[in-house]
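Participant: Here is a sequence with its predicted model. Questions after.
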Amino acid sequence: MAELTLVLIGLHGVMVINLLLNLATFTLRRRARSTETLSPVSVLVPARNEEHNLPRLMASFARQDHPSAEMVIYDDQSTDSTWDIIQKAGDPRIRGIRGGDLPEGWVGKTNGCHQLSLHAQGSTFLFIDADTEFQHPAALRHMSERFAARPPSTVLTGMTLLKGGGRSIVTMVGALIIGCIPWWMGKRVPLSAMSGVNGQCWMITADDYRRLLPHQQVRGEVLEDIRIGRYLHRQGLTPLLDDVTDDLTVHMYGTFPEAWRGFRKNTADILGRTLLSSTMVLAGYILMFIVAPLLAPVLFVSLFLLKFMSDRLTRQPFAVTLLAPVSFVLIVFLGLDSMFNRSRGRIEWKGRIIASTG
C-alpha cells in the first residue's frame with residue numbers, strides 16, 4: 001500500500017507540473033498575434049433546435065470588426081423556429097443552409113459541419129457551436145490573428161469561457177483537459193491519444209480541411225471532436241489549445257439535468273470505445289482522483305489546485321471550486337450512467353436517436 005501511495009503522489013506531482021506548464025503556455029499564446037493582413041474566415045455553425053441560442057450568437061457576430069468574415073449556419077432539420085431566425089438575420093454576412101435527411105452512417109453534427117465546409121467561402125474555417133457568443137467586436141479578429149501566428153502544420157482549438165447550468169460537471173472538462181494533456185509540448189506531442197479539439201471552437205485552413213476531410217473521417221462518431229483531433233495529429237496536423245476565454249463564451253446548458261444528459265451521450269466514448277477499455281480508464285480515474293486523496297490527504301491540495309486554476313481560467317464562481325470533491329465524484333457516476341446508456345446501443349440527443357459506431 002505504501003508503494004501505491006508513493007506512485008499516486010508522483011502522478012499527482014506530474015499532473016501539477018503539467019498544469020503549470022500549460023497555464024504558462026496559454027499566456028504566451030495569448031500574446032502571439034500576426035500583423036499581416038487577415039485571410040477571409042468562415043464561421044461555421046451546425047444548429048438543431050437552437051432558437052434560444054442563435055439570436056445571441058448572430059447578434060454578437062454582426063458586431064465583429066474582422067475585415068473579411070462570413071457566418072454560415074446549417075439548420076439540421078430543426079423542429080423549432082431556427083430556420084426562421086436564420087432567414088431574418090438582417091446581416092448580409094450571415095447565411096443559412098437548410099439541411100435534408102441525414103445520410104446513412106453519419107451523425108447530425110458531423111454531417112452538418114461537413115455540409116458547411118462545402119458552402120464556405122473563406123480560406124480559414126472556424127467551427128463553433130450555436131450556444132457560443134463573441135464577447136466583444138474584436139473577438140473574431142483576435143482569434144484570427146492568433147491563428148495566423150500559429151506554428152506551421154497545426155490547428156487551433158479554444159478553451160472557452162463557460163456559462164450556464166450544471167457547472168459542477170461542466171467545469172470538470174476544462175480541469176481534466178488542462179491537467180492531464182501536455183498542451184505545452186506543442187508540436188512535440190508524441191501520441192495522437194494526447195490530442196483532441198474542442199468541438200465548441202476550433203480553426204483550420206480551408207486547404208487543410210478539404211485535403212483531410214476530418215468530419216467525413218469520423219462521420220459516425222458521437223465523440224467527433226476528440227476523434228478529429230487524434231486523426232489530424234496522425235496526419236501531421238497538431239492541435240494546439242488556445243485560451244479564448246476573453247473572446248468566446250459558451251452557454252452550455254440551462255440546468256444540471258440538461259448538462260447531465262448532454263455529457264451522458266459521449267462520456268463513455270471519452271473513456272474508451274469498448275466496455276473493457278471504458279471500465280479500465282474509469283478505474284484509473286477513481287484510483288487517481290478518489291482513492292489517492294484518501295490514502296494521502298495531502299493530495300487534496302493538488303485536486304483543489306487543479307480545480308482552482310481551471311475555474312479561474314474560465315472565471316467560475318468560487319462556490320463551484322469549493323464543490324470540487326463533489327465534482328470529482330459526480331464524474332464517476334456520470335461515467336457509469338453513460339456506459340450503461342451506450343450498452344443499450346442507442347443514444348438520444350435533441351429528439352434524434354444516434355447509433356454509435358464506436
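Facilitator: Perfect, I can see it now.

Participant: is it true that Ala148 touches Ser34?
Facilitator: Yes. At 3.5 Å, Ala148 and Ser34 qualify as touching, with contact defined as CB atoms under 8 Å. Heads up, the C-betas are built off the backbone N, CA and C, glycines and all.

Participant: the more surrounded of the two?
Facilitator: Of the pair Ala148 and Ser34, Ala148 is the one with more neighbours under other CB atoms under 10 Å, namely 19 against 14.

Participant: The stretch 1-150 of the chain: helices as residue ranges?
Facilitator: Listed in chain order, the helices of the stretch 1-150 of the chain (DSSP state H, counting those that start in this stretch) span 2-31, 54-62, 82-87, 108-119, 139-148.

Participant: Quick one: mean pLDDT for the first one?
Facilitator: I take that to be helix 2-31. What helix 2-31 shows for mean pLDDT is 91.

Participant: where does the stretch 1-150 of the chain dip in pLDDT?
Facilitator: By pLDDT under 70, the stretch 1-150 of the chain has no low-scoring segment.

Participant: err, the stretch 201-350 of the chain, not the other one
Facilitator: Segments of the stretch 201-350 of the chain classed as low confidence (criterion: pLDDT under 70) are 346, 348-350.

Participant: can you give me the strands for it?
Facilitator: 201-205, 238-243, 248-251, 347-349 (DSSP state E, counting those that start in this stretch).

Participant: got it, and the stretch 51-200 of the chain?
Facilitator: In the stretch 51-200 of the chain, the segments counted as strands under DSSP E, counting those that start in this stretch are 69-75, 94-98, 124-128, 132-134, 154-159, 161-163.

Participant: Leaving out sequence neighbours, find the closest residue to Gly90.
Facilitator: Ranked by CB to CB, 6 or more residues apart in numbering and with sequence neighbours excluded, the top spatial neighbour of Gly90 is Ala62, at 7.6 Å.

Participant: again with Val155
Facilitator: Here the residue nearest Val155, using CB to CB, 6+ apart, is Ile204, at 4.5 Å.

Participant: bridging residues for that neighbour?
Facilitator: According to DSSP bridges, the residues that bridge with Ile204 are Phe125.

Participant: Nearest approach to Leu11 belongs to which of the strands of the stretch 51-200 of the chain?
Facilitator: With CB to CB as the measure, strand 154-159 is the member of those nearest Leu11 (23.0 Å).

Participant: Could you list every helix and strand in contact with the closest one?
Facilitator: Contacts defined by 3 or more CB pairs under 8 Å, 6 or more residues apart in numbering; DSSP states H and E place strand 154-159 against helix 139-148, helix 167-180, strand 201-205, strand 238-243.

Participant: need the ones you listed in JSON lines with distance to Arg273, can you?
Facilitator: Listed next are the helices and strands packed on strand 154-159 as JSON lines, based on distance: least, CB to CB, whole Å:
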{"stretch": "helix 139-148", "distance to Arg273": "31"}
{"stretch": "helix 167-180", "distance to Arg273": "18"}
{"stretch": "strand 201-205", "distance to Arg273": "22"}
{"stretch": "strand 238-243", "distance to Arg273": "20"}
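
Participant: residues touching the nearest residue to Thr5 once chain neighbours are set aside, list them.
Facilitator: Leaving out its chain neighbours, the residue that sits closest to Thr5 by CB to CB, 6+ apart is Leu295, at 4.8 Å. Listed by CB atoms under 8 Å, 6 or more residues apart in numbering, the contact set of Leu295 reads Met1, Leu4, Thr5, Leu8.
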